[in-house]
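A.B. asks: I would like to see how this sequence folds:
(chains A and B, ligands or ions: 2)
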Amino acid sequence: MITRFLLSNMDKRGYAFLAIVAAIGLLVPLANLLMPAGSPFHVSTATMSLWGKYLCYALLAISLDLVWGYCGILSLGHGAFFALGGYAMGMYLMRQIGSRGVYGNPVLPDFMVFLNWQELPWYWYGFSSFPFVMLMVLLVPGLLAFVFGWFAFRSRVTGVYLSIITQALTYALLLAFFRNDMGFGGNNGLTDFKDIVGFNVQAQGTRAALFAMTCTMLIAGFLLARGIVTSKLGKVVIAIRDAESRTRFLGYRVDRFKLFVFTVSACMAGVAGALYVPQVGIINPSEFAPANSIETVIWVAVGGRGSLVGAALGAVVVNWAKTMFTSGFMAPYWLFALGALFVFVTLFMPKGILGTVQGWWEKRRKPEALPAAEPAPAE
Amino acid sequence: MNAPVPGALTSSLLYLDGVSVSFDGFKAIRSLSLTIEPGEMRAIIGPNGAGKTTMMDIITGKTRPDEGTVMFGGSVDLTRLDEAAIANLGIGRKFQKPTVFDFHTIEDNILLALKSKRTVLKTLFWQTESVQQKRIDEILGIIKLADKRERLAGSLSHGQKQWLEIGMLLAQDPKLLLVDEPAAGMTDGETAQTAVLLKEIARDHSVIVVEHDMGFIRELGVKVTVLHEGSVLAEGPLDQVSANERVVEVYLGR
Ligand SMILES: Nc1ncnc2c1ncn2[C@@H]1O[C@H](COP(=O)(O)OP(=O)(O)OP(=O)(O)O)[C@@H](O)[C@H]1O
Ligand SMILES: [Mg+2]
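C.D. replies: Ligands and ions are numbered 1, 2, ... in the order given. Sure thing, here's the model as predicted:
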């Protein structure tokens, strides 16, 4: 049943996406490990990690598209779920340091010793176990989303108001994680990682494995999201996006459907964050910055809201552009460029890159085809 | 359906008594009383702003009345339930402005309405069974949209959307159908067909129809209730009601 759920309704574009990600996940680590440094086929570890980061963002974008593109919930706080997954992984990596920290304390991470703490806070218990951490990566963002959504959706907060409170949520977490007495390393966050499941995080082999793992999770996340949006539940969710109150009069409990996709989406964002942290080597409160969540919205809009492949594509394209831009003399103007891109896409490519390209393609194939009704702006 | 429910306070399917609602001090419904018997079809007429749509909003849980009783099936107090719960009790609604899911195909619109468990898990792992597919096909035939099943509902004409919405009501298979202006924006031919369709539906459902088209009401040939300024002005067969001086004065005469 599960395979059927995941693979039925898969279209050509979906298969192409899966094939490309699988190929990248296999070939890039091989090119990194097996090709000699001078070979044109060699991929440097730095490049691989950079692309690993983009692919984590792609998973985050898919998770956002699930709630925004399909359910019409414009979350301006999805970065919070990403960061929480990242912090869960960061805590594990801190515990893996053991007595190799600067202060050599076998239990306490350096920043706690520095704060003169005598023992590990209770909420750090268990984070030395990898299975426990994998659970927390899903559970912490998922639970926050569930509780938040339970209140917000039941009291029928929608549209801009919902967007504003999601933004407030991530901002509140930003402020909280900045505090030293929260026990998450204050504004320095968590860093100086040594090992992950016993392997050196800096080692080339570990980096390659992390990259392959990221591709695997991107595939898994895509399949799950795709399974959801093509199921009857997916149709209900789209119905909610386009005519929420009509859906209620058909007998669907709109709040529960929203809660379901919002929670699943937060878990996916958490996984993306957990894969991101060992590849960039640090997690700090700036990941909670409202601007990060807004950037994620831009990736999805650029790639094509309401298309999972589009969202992933948008994340990679915009972040690749960001790297190009910010490494040159144009660096100070990146935010202007990003803003301009967003305005351009909103005005001239409302369906994003993928939707626009598909539109041309279809027009060329059958020019007489009726254009579908214009998408209703569902906030 | 006609057997009295144990503990029932009334044998009527729908029972409204002394219902009032006001918006910012404006009384849209004042002390409205109305009963619908099981299996009955009722036509409701009245001038613009008489409160016909608001009455449907109250029955379906969209608007909470300030006072009054709204009972369904003899013992269920509708004022305590929300829209989804009321829909699941068996009250379906067609809106005045046709409201379908523009980005779903016509077939999917019917599928979404089709009577079934509405839980998250049931819909997530949904497989359409062959009886259900048959029912969908049947409804598509009845509303004459079978050949357009793959088209997006947003591409339909106004009249076709009205029919699709009636088809969705059929798929829901409710005990009581509230149909708000089904013939609006239709050609005379379409209007006549809609009347036939509604009469067909009324054979095994209770129906409340709101319409301004007198020819259409006459075609239905059922008891008529005239609403005016939020309460019942007259009730009875169309001929009797249209002979009523007050009705002529506030509505028909214009
Ligand atoms: N949500 C609301 N807020 C404020 N006023 C409302 C609301 N709903 C209805 N009204 C007012 O209540 C009155 C009754 O409106 P209603 O839509 O029920 O009339 P109607 O009989 O359906 O008229 P029509 O034949 O034009 O459809 C109108 O004056 C309308 O402006
Ligand atoms: Mg009305």
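
A.B. asks: which residue does chain A bring closest to ligand 1?
C.D. replies: Of the residues in chain A, the one nearest ligand 1 is residue A:245, at a distance of 12.1 Å by Cβ to the nearest ligand atom. Glycine gets a C-beta too; all of them are placed from N, C-alpha and C.

A.B. asks: Pull the distance from the one helix or strand that residue maps to to the chain's centre.
C.D. replies: Using DSSP states H and E, residue A:245 sits in helix A:244-249. Here helix A:244-249 is found 30 Å from its chain centre; the criterion is Cα atoms, centre = their mean, to the nearest Å.

A.B. asks: Show me what the next helix or strand after it is packed up against.
C.D. replies: Toward the C-terminus, helix A:244-249 is succeeded by helix A:254-280 as the next helix or strand (DSSP H and E). Identification of packing neighbours for helix A:254-280 by 3 or more Cβ pairs under 8 Å, 6 or more residues apart in numbering or on different chains; DSSP states H and E yields helix A:45-68, helix A:78-97, helix A:130-154, helix A:204-230, helix A:232-242, helix A:244-249, helix B:120-124.

A.B. asks: okay, these, which one's buried deepest?
C.D. replies: helix A:78-97 (a mean of 28; mean count of other Cβ atoms under 10 Å in any protein chain shown).

A.B. asks: can you give me the angle that helix makes with helix A:254-280?
C.D. replies: Our comparison of helix A:78-97 with helix A:254-280, counting by axes from the mean of the first three to the mean of the last three Cα atoms, to 10 degrees, yields an angle of 40 degrees.

A.B. asks: Does helix A:78-97 pack against any helices or strands, and if so which?
C.D. replies: Contacts defined by 3+ Cβ pairs under 8 Å, 6+ apart place helix A:78-97 against helix A:45-68, helix A:130-154, helix A:159-178, strand A:190-191, strand A:195-196, helix A:254-280, strand A:282-283, helix A:290-303.

A.B. asks: Tell me how far the residue of chain A closest to ligand 1 lies from residue B:104.
C.D. replies: With the distance defined as Cβ to Cβ, to the nearest Å, residue A:245 ends up 16 Å from residue B:104.

A.B. asks: pLDDT value on the closest residue to ligand 2 within chain B, please?
C.D. replies: Here the residue of chain B nearest ligand 2 is residue B:53; by Cβ to the ion that distance is 3.1 Å. Model confidence at residue B:53, given as pLDDT, is 96.

A.B. asks: residues contacting it?
C.D. replies: Taking Cβ atoms under 8 Å, 6 or more residues apart in numbering or on different chains as the criterion, residue B:53 is in contact with B:96, B:180, B:210.

A.B. asks: Against ligand 2, which of those residues make the cut? List them.
C.D. replies: residue B:96 (Cβ under 5 Å from the ion).

A.B. asks: Who wins on neighbours among the contacts of residue B:53?
C.D. replies: Across the contacts of residue B:53, the neighbour count under other Cβ atoms under 10 Å in any protein chain shown reaches its highest value at residue B:210, namely 25 neighbours.

A.B. asks: ok, what's across the strand from that residue?
C.D. replies: Here residue B:210 sits in beta bridges with residue B:44, residue B:180, going by DSSP bridges.

A.B. asks: could you list every residue that touches the closest residue to residue A:127 other than its chain neighbours?
C.D. replies: In this structure, residue A:127 finds its nearest non-sequential neighbour in residue A:91, 4.3 Å apart by Cβ to Cβ, 6 or more residues apart in numbering or on different chains. The contact partners of residue A:91, taken as Cβ under 8 Å, 6+ apart, are A:124, A:127, A:133, A:184, A:190.

A.B. asks: next one: residue A:192
C.D. replies: Applying Cβ under 8 Å, 6+ apart as the definition, the contact partners of residue A:192 turn out to be A:97, A:101, A:110.

A.B. asks: Go again with 10 Å.
C.D. replies: If you count contacts by Cβ atoms under 10 Å, 6 or more residues apart in numbering or on different chains, residue A:192 has them with A:93, A:94, A:97, A:100, A:101, A:102, A:109, A:110, A:111, A:281, A:282.
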